[in-house]
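[1] Based on what follows, work out the 3D shape:
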Amino acid sequence: MSNIELKGFSEATSSVLPPVHTWTPPFCGDMDMVIKANGDWCHEGSKIKRPAMVTMFSRILWFEHGEYFLMTPVEKVRIKVDDAPFHVNRWQWIETVCGRAIEFRTQTEDVLVLGVDCDIWMGFYHEEERPYISMRYGMKALVGRNVFYGLAESLAEVETSQGRGVGVISAGKSYLLMQDA
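    This is a model prediction of the structure:
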């Protein structure tokens with residue numbers, strides 16, 4: 001088991017995205033950390049209860065070849081992710097230069113605009129169909145049930161390259177969520 005060295009990182013800077021994509025540290029082993037399917041971040045079997053600590057770790061999360069890592073400029077440790085490392089827990093309509101758009105917020109205070117910063121799709125986790133949005137570095141966020149039910153009020157008929165059906169339109173872009181039979 002490995003523990004990651006966090007010198008130079010503090011909770012005060014947890015809202016800033018470090019340039020993880022520019023770092024090439026050596027792999028240092030596995031860390032006993034799991035991001036559970038319900039969004040809980042656990043270390044050595046115990047839930048991390050400080051949201052600022054979870055947010056800090058989320059800023060150095062990296063996805064590569066189907067695996068997740070925490071990275072600093074000097075080391076890279078593998079962690080386990082059951083489903084999606086991020087969870088969308090809030091949303092609202094906003095006005096953008098591309099028109100009316102849906103703004104999502106994750107539990108780690110990431111802010112993404114559907115059609116600008118991210119896309120939405122339906123995927124599966126253990127045979128359960130769930131909504132996801134795209135995140136940085138090829139990662140994804142699970143759209144919380146409360147958020148998805150809120151979006152249901154904004155469903156419209158859409159046509160995309162995947163077909164016709166019901167979905168949402170955000171920033172001028174259509175997303176098919178349920179295809180016509």
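[2] can you pull out the helices in this structure?
    For the chain, applying DSSP state H gives helices covering 51-59, 145-152.
[3] In CSV: those helices, plus mean neighbour count and distance to Asp117.
    In short, each C-beta sits where N, CA and C put it, glycine included. Output for the helices of the chain, formatted as CSV (neighbours: other Cβ atoms under 10 Å; distance: least, Cβ to Cβ, whole Å):
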stretch, mean neighbour count, distance to Asp117
helix 51-59, 18, 16
helix 145-152, 14, 16
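[4] will you turn those helices into a markdown table that also has distance to Gly165 and mean pLDDT?
    Below are these laid out as a markdown table (distance: least, Cβ to Cβ, whole Å; pLDDT from 0 to 100):
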| stretch | distance to Gly165 | mean pLDDT |
| --- | --- | --- |
| helix 51-59 | 33 | 95 |
| helix 145-152 | 14 | 94 |
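[5] counting contacts, what elements does the top strand by length along the chain pack onto?
    Counting by DSSP state E, the longest strand found in the chain is strand 86-96. Other elements packing on strand 86-96 under the criterion 3 or more Cβ pairs under 8 Å, 6 or more residues apart in numbering; DSSP states H and E are strand 99-106, strand 140-143, helix 145-152.
[6] Look up how far Ala84 lies from the closest residue to Pro85 other than its chain neighbours.
    With sequence-adjacent residues excluded and distances taken as Cβ to Cβ, 6 or more residues apart in numbering, Pro85 is closest to Ile35, at 4.8 Å. Relative to Ala84, Ile35 is positioned 8 Å away (Cβ to Cβ, to the nearest Å).
[7] I'm done for today, thanks for sticking with me.
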